[in-house]
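Chemist: Provided below for reference: sequence and predicted model.
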Amino acid sequence: MDCYIDLKNVEAEELKNVDLDKVDVTCSPPDFEPQRQYYFMAKCRQIVQSESKRLGRPLYACSVTFGCQMNARDSEKLSGILECVGYSAIDSEEADLVIYNTCTVRDNANQRVYGRLGVLHGLKKKNPHMKIALCGCMMQEESVIEKIQKSYRFIDLIFGTHNIFKFAELLYTMFASERTVIDIWKDTNQIVENLPVERKYPFKSGINIMFGCNNFCSYCIVPYVRGRERSRNPEDILREIKTLAADGVVEIMLLGQNVNSYGKNLAKPMSFASLLKEAEKIEGIERIRFMTSHPKDLSDDLIAVMKESRKICRHLHLPLQSGSTRILQAMNRRYTKEQYLALAEKIRKEIPDIAITTDIIVGFPGETMEDIDETIDVVKQVQFDNAFTFIYSKRTGTPAASMPGQVPEEIVKEGFNKLLKTVQDTARSRVSLWNGQTMPVLVEERNLQEKSLLTGRLSNNTIVHFPGDASLIGQIVNVRLKECHGFYYIGETAEL
Ligand code: SAH
Ligand code: SF4
Ligand code: F3S
């Protein structure tokens, strides 16, 4: 038929506009990306369409995110492909295809996956046509793959973080195979652009600016499962932001494990501060956030750009991990307690209304109550607006896993509770500073418990609930902050 499209002749940027039902899938697949993946999307689409016809109903797919913002952004890419292939998205796991995008940063993330796989097995017994796929960081660990092959043989597809761009091709292989399809890469230097994405929120979006991590903090598994640091080209990032703005997105979050080292490995190096300046110029974007900043790489340029910016949010997530220089050294964080304090002070001085939030680990090997007291001292001095406190989790293969002095559980609990109390006290006093003021809130959703309320965020990331109509979702409205409830406010819409 003459209307059939050969994807080999379509430019990468044009692929999203191609009608996949018109793609010629009788020819061989293109051997370059992303054209090759669109070819497999067209192939899978035929399979999904014929199965749906046989059943007399749409096929449903459910994707579940277990990890961080980067993991969530990857899930949006998976959903984009599933939609192109012809699946209807649902939240329930009683679906025709379920995909778990896993996390392995702490052991409890892994345990959640294993627990839910038990439930999925029951569902699959009821619906033998159901397909189950696993991907994400946990799949990059050999011991996990061995365990799944031994004890979870009902899984249909397993892939990792480096080849997620191949999802369409892997789906096709899965449809054609009777056995578990497993494809895990050790690392990659490839970044495939222009694949479809299905966003969770119409008005805000994450954007990957870099992948991987080179820091090798001694407790952390991320560098092993996400590979070496690679920055996306600024042109690709800025083009993506422009497309999002044209599509109604008002808030973007630039994502990377260490955004402060963005651009160092590009052919034409560019700093994170300059990337932010460029992003600021894009019309339609009202708010810019980013995650995560490593304290060792935070430049004066970045502080200056944040200070002058109208769009960059008044929030900096600056993981401390520990306030003890001795522990920081063992963690390979490459800053001291004093350096962190000086940096926080400089930021607060330059941008007084900024919220500083952090991550802290309790129970790192060799940590004593004196070390915890050092951490508590930093919390008191910096006055964090919020802090996520984690109990150290031993990750196989990391240097910390074989360090002497693993801390017994009772001692960890004691230190954790002591720290948590200080963290909550300082957060409460910081958050309440804005009581009575009227501030812009980006409205995100209906309140889950109280349907008459809407929920949104201040520029400084504090949550605000206030009465209002759902038509405000996605808009920035002025809200008077009436009551501070620790970590959030109750407010009412107001004129400035
Ligand atoms: N790249 C980010 C962190 C990503 S992981 C950064 O450097 O800040 C998010 C948080 O998980 C970390 O900040 C750390 O506090 C915590 N974390 C990482 N590995 C951990 C482990 N083995 N046990 C407990 N918490 C851990
Ligand atoms: Fe892990 Fe450290 Fe890299 Fe963050 S910077 S991802 S904590 S190794
Ligand atoms: Fe987890 Fe991977 Fe993110 S291990 S925290 S999902 S980078």
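Modeler: Now that the structure is in, tell me what you want to look at. Numbers count the residues shown, from 1 in each chain. Ligands and ions are numbered 1, 2, ... in the order given.

Chemist: Backbone torsions only: list them for L254.
Modeler: phi -80, psi 130 (degrees, to the nearest 10).

Chemist: Could you give the number of residues near the spatially closest residue to it that is not a sequence neighbour?
Modeler: Using CB to CB, 6 or more residues apart in numbering and skipping residues adjacent in sequence, the residue nearest L254 is F290, 4.1 Å away. To be clear about C-beta, it is placed using only N, CA and C from the backbone, and glycine gets the same treatment. Using other CB atoms under 10 Å, F290 has 27 other residues around it.

Chemist: Could you look up the SS state of F290?
Modeler: Following DSSP: H, G, I helix; E, B strand; the rest coil, we place F290 in the strand state.

Chemist: For it, give its distance to ligand 3.
Modeler: Separation of F290 from ligand 3 (CB to the nearest ligand atom, to the nearest Å): 15 Å.

Chemist: Tell me the confidence at that residue?
Modeler: Reported pLDDT at F290 in the predicted model: 98.

Chemist: now the one 10 residues further on
Modeler: In the predicted model, D300 carries a pLDDT score of 98.

Chemist: again, but for D385
Modeler: In this prediction, D385 carries a pLDDT score of 96.

Chemist: Please tell me I have it right and it contacts T462.
Modeler: Yes - here D385 reaches T462: they are 7.5 Å apart, a contact under CB atoms under 8 Å.

Chemist: circling back to that earlier point, identify the residues contacting the residue nearest to L254.
Modeler: 209, 253-256, 259, 272, 276 (CB atoms under 8 Å, 6 or more residues apart in numbering).

Chemist: CSV for these, including distance to C313, secondary structure and pLDDT?
Modeler: Formatted as CSV, the contacts of F290 follow (distance: CB to CB, whole Å; DSSP: H, G, I helix; E, B strand; the rest coil; pLDDT from 0 to 100):
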residue, distance to C313, secondary structure, pLDDT
I209, 16, coil, 98
M253, 9, strand, 98
L254, 11, strand, 98
L255, 14, strand, 98
G256, 16, coil, 97
V259, 14, helix, 97
F272, 15, helix, 98
L276, 11, helix, 98
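
Chemist: any idea how far V64 is from ligand 3?
Modeler: 12 Å.

Chemist: Just to be sure, that residue is in a strand?
Modeler: Yes - judged by three-state DSSP, V64 forms part of a strand.

Chemist: just to revisit the earlier point, now do the residue nearest to L254 against M139, distance only.
Modeler: Distance of F290 to M139, given as CB to CB, to the nearest Å: 27 Å.

Chemist: same deal with G486?
Modeler: 38 Å.

Chemist: Which of these two has more residues huddled nearby?
Modeler: The residue with more neighbours, out of G486 and M139, is M139; 24 against 10, by other CB under 10 Å.

Chemist: Could you double-check that the more buried one sits in contact with F159?
Modeler: Yes - at 6.6 Å, M139 and F159 qualify as touching, with contact defined as CB under 8 Å.

Chemist: okay, D2: pLDDT?
Modeler: Confidence score, pLDDT, at D2: 52.

Chemist: wait, does the lengthiest helix in the chain make contact with ligand 1?
Modeler: Taking DSSP state H as the criterion, the chain has its longest helix at helix 409-431. No - using CB under 6 Å from any ligand atom, helix 409-431 stays clear of ligand 1, coming no nearer than 10.8 Å.

Chemist: Run a quick neighbour tally on the residue of the stretch 301-450 of the chain found nearest ligand 3.
Modeler: For the stretch 301-450 of the chain and ligand 3, the shortest gap (CB to the nearest ligand atom) falls at R395, measuring 9.3 Å. Using other CB under 10 Å, R395 has 22 neighbouring residues.

Chemist: now do the one 5 residues further on
Modeler: By other CB under 10 Å, 21 other residues sit near A400.

Chemist: what's the spacing between it and A109?
Modeler: In terms of CB to CB, A400 sits 17 Å off from A109.

Chemist: helix, strand or coil for the closest residue to ligand 3 within the stretch 51-200 of the chain?
Modeler: Residue of the stretch 51-200 of the chain nearest ligand 3, by CB to the nearest ligand atom: G67 (2.4 Å). In three-state terms, and counting by three-state DSSP, G67 is coil.

Chemist: Ramachandran coordinates for it?
Modeler: Main-chain torsions, G67, degrees, to the nearest 10: phi -120, psi -150.

Chemist: On the pLDDT front, check it for me.
Modeler: G67 is given a pLDDT of 97.

Chemist: what's the burial count for the nearest residue to it once chain neighbours are set aside?
Modeler: Leaving aside its sequence neighbours, G67 sits nearest to C103 (CB to CB, 6+ apart; 2.9 Å). Around C103 there are 23 other residues, counting by other CB under 10 Å.

Chemist: For C103, give me the pLDDT.
Modeler: pLDDT, C103: 98.

Chemist: Would you mind measuring from the residue lying closest to Q424 once chain neighbours are set aside to ligand 3?
Modeler: Distances taken as CB to CB, 6+ apart put G486 closest to Q424, at 7.3 Å, once the chain neighbours are dropped. Distance check for G486 against ligand 3: by CB to the nearest ligand atom, it reads 26 Å.

Chemist: can you check D236 too?
Modeler: For D236, the distance to ligand 3 (CB to the nearest ligand atom) stands at 21 Å.

Chemist: what about stretch 394-401 and ligand 2, any contact?
Modeler: No - figure legend: stretch 394-401 not in contact with ligand 2 (CB under 6 Å from any ligand atom); closest approach 9.0 Å.

Chemist: N265 belongs to a strand?
Modeler: No - judged by three-state DSSP, N265 forms no part of a strand; its state is coil.

Chemist: Leaving out sequence neighbours, find the closest residue to it.
Modeler: S231 (5.9 Å).

Chemist: just checking, that neighbour touches G212?
Modeler: No - between S231 and G212 there is no contact under CB under 8 Å: 9.5 Å.

Chemist: Compare these two (neighbour count), which wins?
Modeler: S231 (24 against 21).

Chemist: residues touching the more buried one, list them.
Modeler: S231 touches 209-210, 256, 262-266, counting by CB under 8 Å, 6+ apart.

Chemist: 10 Å instead?
Modeler: Each residue near S231 by CB atoms under 10 Å, 6 or more residues apart in numbering is listed here: 191, 208-212, 237, 256, 259, 261-266, 269-270, 272, 275.

Chemist: which among the residues you listed end up buried?
Modeler: Buried positions within the contacts of S231, assessed by neighbour count (16 or more other CB atoms under 10 Å), are 208-212, 237, 256, 259, 261-263, 272, 275.

Chemist: What distance do you get for the residue nearest to N265 to L244?
Modeler: Distance from S231 to L244, by CB to CB: 19 Å.

Chemist: and if you look at R428?
Modeler: Separation of R428 from L244 (CB to CB): 35 Å.
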